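Asker: Any chance you can model this:
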Amino acid sequence: MLSQISKEEYNSYYATYIAKAQTSDIIEGLQESKKEFVDFVNTIPIEKGTYAYEKGKWTISEVLQHIIDTERIFGYRALRFARNDKTSLMGFEQDEFVPYSNSDVYDKEVLIEDFEAVRNSTVSLFKGFTDIMLLRIGEASGSPMSARAVGYIIPGHQKHHLEVIKERYL
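Answerer: Below you'll find the predicted structure:
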């Protein structure tokens, strides 16, 4: 199904994330990337959680919380789109979330628990979507987006940020 996704289903900004999706099956991709996230976070030394590679950059725990927050927002978008809600959805300022996320207290067990709860909810949500629901398009941040595109963006976004952590933080 990934090879069939149309460029009209998402803003070109998300092309990188969609390309990073691990499989053409949305559910499989969400489940595999869940394991990838948990396994990866478990390898991060506790003292690295509050590390930022440069002044003004997010800490590792802030990046992980950003992945979780973004999935919550995108899951909501997918629900609205699948239910054929034509209300234009606002974007969100990711940098405005960080100061209020309580990510300065790094506890990887809590982050993993939160991530698993969100991902389990996302998997359940997508399991309930029919093919027609997945193809429905709504609008977010002034651009069209299908529920199906969201199903690829979520694991692709996660993969992108885990790659950044590996390259710049560890």
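Asker: Show the average pLDDT along stretch 76-84.
Answerer: The pLDDT scores in stretch 76-84 average 98.
Asker: For it, buried residues please.
Answerer: Residues 77-82 are the ones in stretch 76-84 that count as buried (16 or more other CB atoms under 10 Å). (Each C-beta comes from the backbone N, C-alpha and C, glycine too.)
Asker: now swap in stretch 143-156 and tell me
Answerer: Those would be 145-156, for stretch 143-156 by 16+ other CB under 10 Å.
Asker: go on, stretch 127-145?
Answerer: Neighbour-count burial for stretch 127-145, counted by 16+ other CB under 10 Å, picks out 129, 133-140, 145.
Asker: Looking at the residues you listed, which one is closest to residue 104?
Answerer: Checking the buried residues of stretch 127-145 against residue 104 with CB to CB, the nearest one is residue 140 at 29.1 Å.
Asker: Stretch 89-109: how far from the chain's middle?
Answerer: In terms of CA atoms, centre = their mean, to the nearest Å, the centre of stretch 89-109 is found 13 Å from the chain centre.
Asker: send the alpha carbons of it over as CSV?
Answerer: Extracted in CSV, the C-alpha atoms of stretch 89-109 (Å, rounded to 0.1, in the frame of the first residue of the first chain):
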residue,chain,number,x,y,z
LEU,A,89,-7.1,21.4,11.8
MET,A,90,-4.5,23.8,13.1
GLY,A,91,-0.9,22.8,13.3
PHE,A,92,1.1,22.8,16.6
GLU,A,93,4.2,24.5,17.7
GLN,A,94,6.5,21.6,18.7
ASP,A,95,9.0,24.0,20.3
GLU,A,96,6.3,25.4,22.5
PHE,A,97,5.5,22.0,23.9
VAL,A,98,9.0,21.3,25.3
PRO,A,99,9.1,23.8,28.2
TYR,A,100,5.8,22.3,29.5
SER,A,101,6.5,18.6,28.9
ASN,A,102,8.3,17.9,32.2
SER,A,103,11.0,16.2,30.1
ASP,A,104,13.8,17.6,32.3
VAL,A,105,13.2,14.7,34.7
TYR,A,106,14.5,11.8,32.6
ASP,A,107,12.8,8.5,33.6
LYS,A,108,13.1,6.1,30.7
GLU,A,109,10.6,3.6,32.2
